[in-house]
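Asker: Give me the fold of what follows.
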Amino acid sequence: MGAGGGLTRLLRRVWPGANPLRRRTDLFEPAALLVVLVLTAVAVVAALLVSQSVLHSHLAEVRAEQASRHAVQARVLAQLNGDDPVTRPVAVGWSPSPQQERFAVVEAPVNGPLPAELPIWVDREDRPVPPPRPPAEAAQAAGTAGAGVLIGSVLGLSVLYGGARWVVRRQRLAAWEAEWAQVGPKWRHYWP
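Answerer: Got it, this is the predicted structure:
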């Protein structure tokens, strides 16, 4: 059997066709499936648009951070007491110009001996700041936002489609029960 046979079986399974036993509710499921497929395509486009928007905004922030921050070598003046097992507070000093001396407390890794100089990041006013974020972080945020929109949309559509099928199935069974209540007594005398 070729690929056409499988596709034909799938279409027969989804679309009720001209079956004389077909009910109005039998047309609901393929129509709802078509709506879900169209809304899934819309969700994919929306996820791409959200992802692009987040990527552009985060990349603009990354570029602004990279433009406004620069690294300097700071002299280690003293190690301070701290409770964090990963980092330790360190007093450092640096000179942005010959007549200015700046001092700050920054965090240095605990592992290994304390070096004589530490690279730190400062802003335009020579205040210590965290290092600028890498562009990969913007891509990760964009991917997370796009995936969140897509997964949320698909889950929501799946719940709605499943709930709609459940309601239609209950209505179909109730209709069959009502019809059998009318037809059943007429057929009882034919059965032994």
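Asker: Could you use CA atoms for every contact and neighbour count after this?
Answerer: Noted.
Asker: Grab the nearest non-local neighbour of Val90.
Answerer: Leaving out its chain neighbours, the residue that sits closest to Val90 by CA to CA, 6 or more residues apart in numbering is Gln79, at 4.5 Å.
Asker: Would you mind writing the CA trace of stretch 97-109 as CSV?
Answerer: Extracted in CSV, the C-alpha atoms of stretch 97-109 (Å, rounded to 0.1, in the frame of the first residue of the first chain):
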residue,chain,number,x,y,z
SER,A,97,43.3,59.4,36.6
PRO,A,98,46.6,60.4,38.4
GLN,A,99,44.9,62.8,40.8
GLN,A,100,41.9,60.5,41.7
GLU,A,101,41.9,57.3,43.7
ARG,A,102,38.8,55.1,44.0
PHE,A,103,38.0,52.5,46.5
ALA,A,104,35.3,49.8,46.7
VAL,A,105,34.4,46.5,48.1
VAL,A,106,33.9,43.8,45.5
GLU,A,107,33.3,40.0,45.6
ALA,A,108,36.2,37.7,44.6
PRO,A,109,36.1,33.9,44.2
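Asker: now that stretch, how far from the chain's geometric center?
Answerer: Averaging C-alpha positions (CA atoms, centre = their mean, to the nearest Å) puts stretch 97-109 40 Å from its chain's average.
Asker: swap in stretch 74-94?
Answerer: With CA atoms, centre = their mean, you get 38 Å for stretch 74-94.
Asker: which residues are contacting it?
Answerer: 72-73, 101-111, 115-120 (CA atoms under 8 Å, 6 or more residues apart in numbering).
Asker: Show me which residues of that stretch are buried.
Answerer: 74-76, 79, 88-94 (16 or more other CA atoms under 10 Å).
Asker: would you list those in CSV and tack on secondary structure and pLDDT?
Answerer: Output for the buried residues of stretch 74-94, formatted as CSV (DSSP: H, G, I helix; E, B strand; the rest coil; pLDDT from 0 to 100):
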residue, secondary structure, pLDDT
Ala74, strand, 89
Arg75, strand, 89
Val76, strand, 88
Gln79, strand, 81
Arg88, strand, 84
Pro89, strand, 87
Val90, strand, 88
Ala91, strand, 89
Val92, strand, 90
Gly93, strand, 90
Trp94, strand, 89
